[in-house]
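Peer 1: Below are the sequence and a predicted model for it; my questions follow.
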Amino acid sequence: MEESEARRRAEEFGRTLTDRWDEWAFKLGLVATPTSRGVYGFTWYPTAKDEQGGQIRGGGNWPIIVDQDTGACRLVHGTKEMAALRGMSGVGVIRFDDASTRRRRRNGR
């Protein structure tokens, strides 16, 4: 899948996470394209105007991950996966949908 299609899917998924996507002027920014891991990662953050009319950016959201093969989207699962996305060594590989993720979903966590 091309980055442009992954970006479109990530934004579509992001709109399901908040009903204020347009009101808060959320934007997508590319975190990483670790093609060897098969995912695209997109940050998403709101932008607003400050008192002088300049652009300011908020933060604090987990990035959206898009599987390059299936186009499925989800949020990053914690700091270890975030470190792996940033290419830090020794933190393991990114798994798009492993057994522990499925257990957390079934248990409502």
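Peer 2: Sure, I can see it.
Peer 1: CA only for contacts and neighbour counts going forward, please
Peer 2: Fine.
Peer 1: Verify the contact between residue 45 and residue 26 for me.
Peer 2: Yes: shown here, residue 45 and residue 26 form a contact pair, counting by Cα atoms under 8 Å, at 5.3 Å.
Peer 1: moving C-terminal of the strand or helix carrying residue 27, what's the next helix or strand?
Peer 2: In the assignment (DSSP states H and E), residue 27 maps to strand 26-32. Once the chain leaves strand 26-32, the next helix or strand it forms, by DSSP H and E, is strand 39-49.
Peer 1: and that following strand with strand 26-32, angle?
Peer 2: 140 degrees (axes from the mean of the first three to the mean of the last three Cα atoms, to 10 degrees).
Peer 1: Give me the buried positions along strand 39-49.
Peer 2: In terms of neighbour count (16 or more other Cα atoms under 10 Å), strand 39-49 has its buried residues at 39, 40, 41, 42, 43, 44, 45, 46, 47.
Peer 1: can you pull the alpha-carbon coordinates of the strand holding residue 27 into PDB?
Peer 2: Only the C-alpha atoms of strand 26-32 are listed here, as PDB (Å, rounded to 0.1, in the frame of the first residue of the first chain):
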ATOM      1  CA  PHE A  26      -6.600  17.600  13.800                       C
ATOM      2  CA  LYS A  27      -3.700  16.900  11.400                       C
ATOM      3  CA  LEU A  28      -1.700  13.800  10.600                       C
ATOM      4  CA  GLY A  29       2.100  13.700  10.600                       C
ATOM      5  CA  LEU A  30       4.100  10.700   9.600                       C
ATOM      6  CA  VAL A  31       6.100   9.200  12.500                       C
ATOM      7  CA  ALA A  32       7.900   6.500  10.600                       C
END
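Peer 1: tell me what it is packed against?
Peer 2: strand 39-49 (3 or more Cα pairs under 8 Å, 6 or more residues apart in numbering; DSSP states H and E).
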